[in-house]
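Student: Give me the fold of what follows.
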Amino acid sequence: APQDLQPLMSKVDEWVQPNINFGVYRCGLVIRQAAYEKAFDALFEHLDKAEAILSKQRYIAGDRITLSDVRLFTTLVRFDPAYIQIFKTNRNMLRDIPNLWNYVLDIYQMPGVAETVNLQHIKDHYMGSYPNINPSCIVAKGPMVDYTSQHDRDRF
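Tutor: This next block holds a predicted model:
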């Protein structure tokens with residue numbers, strides 16, 4: 001990791017990991033309505049925070065890609081195809097949140113990244129791994145997600 005960005009990366013990781021990376025699971029794995037609503041609100045509060053940051057800079061911790069981006073990307077790339085359905089994180093599709101969506105497109109389209117993302121495996125895994133949430137283990141056909149469309153992140 002770039003040494004000059006390390007302090008900012010640590011600050012970013014302090015809110016991304018518990019509130020976004022783990023936040024999707026908090027939404028989906030709770031068994032009480034009030035707990036779901038609290039987790040849902042916290043998740044989207046922090047997605048909105050990331051959206052605001054990414055409206056001003058290309059990456060979550062500055063002008064260069066860092067491990068903080070990788071951590072955020074791995075959750076965001078699963079958001080529309082899996083989390084919205086299985087974990088009920090459905091305030092918005094990620095593709096309807098402009099800076100987050102373009103951020104995911106940007107990272108996905110970097111050399112070597114797309115090859116690490118298997119959308120069918122993601123859907124199969126999440127739809128089949130939580131029988132208490134999806135007892136029939138039916139894998140939804142949609143939504144169709146195109147991570148190859150043009151992004152606007154090179155404006156930074």
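Student: Return the list of helices and strands in contact with the helix of greatest length in the chain.
Tutor: As assigned by DSSP state H, the longest helix anywhere in the chain is helix 33-54. Packing partners of helix 33-54 (3 or more C-beta pairs under 8 Å, 6 or more residues apart in numbering; DSSP states H and E): helix 6-16, helix 23-29, helix 98-108. Every residue, glycine included, has its C-beta placed from N, CA and C.
Student: 10 Å instead?
Tutor: helix 6-16, helix 23-29, helix 67-78, helix 98-108 (3 or more C-beta pairs under 10 Å, 6 or more residues apart in numbering; DSSP states H and E).
Student: which outside residues touch stretch 136-145?
Tutor: 77-82, 84-86, 93-95, 104, 108, 117, 119-120, 122-131, 134 (C-beta atoms under 10 Å, 6 or more residues apart in numbering).
Student: mind listing which of those are in helices?
Tutor: Counting by DSSP H, the part of the contacts of stretch 136-145 found in helices is 77-78, 84-86, 104, 108, 119-120, 122-128.
Student: Quick check: PyMOL command selecting the buried ones in these.
Tutor: Per 16 or more other C-beta atoms under 10 Å, the buried members of these correspond to this PyMOL selection:
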select buried, resi 77+78+84+85+86+104+108+122+123+126+127
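Student: Now do the buried residues in the longest helix of the chain.
Tutor: 36, 39, 40, 42, 43, 44, 46, 47, 50, 51, 53, 54.
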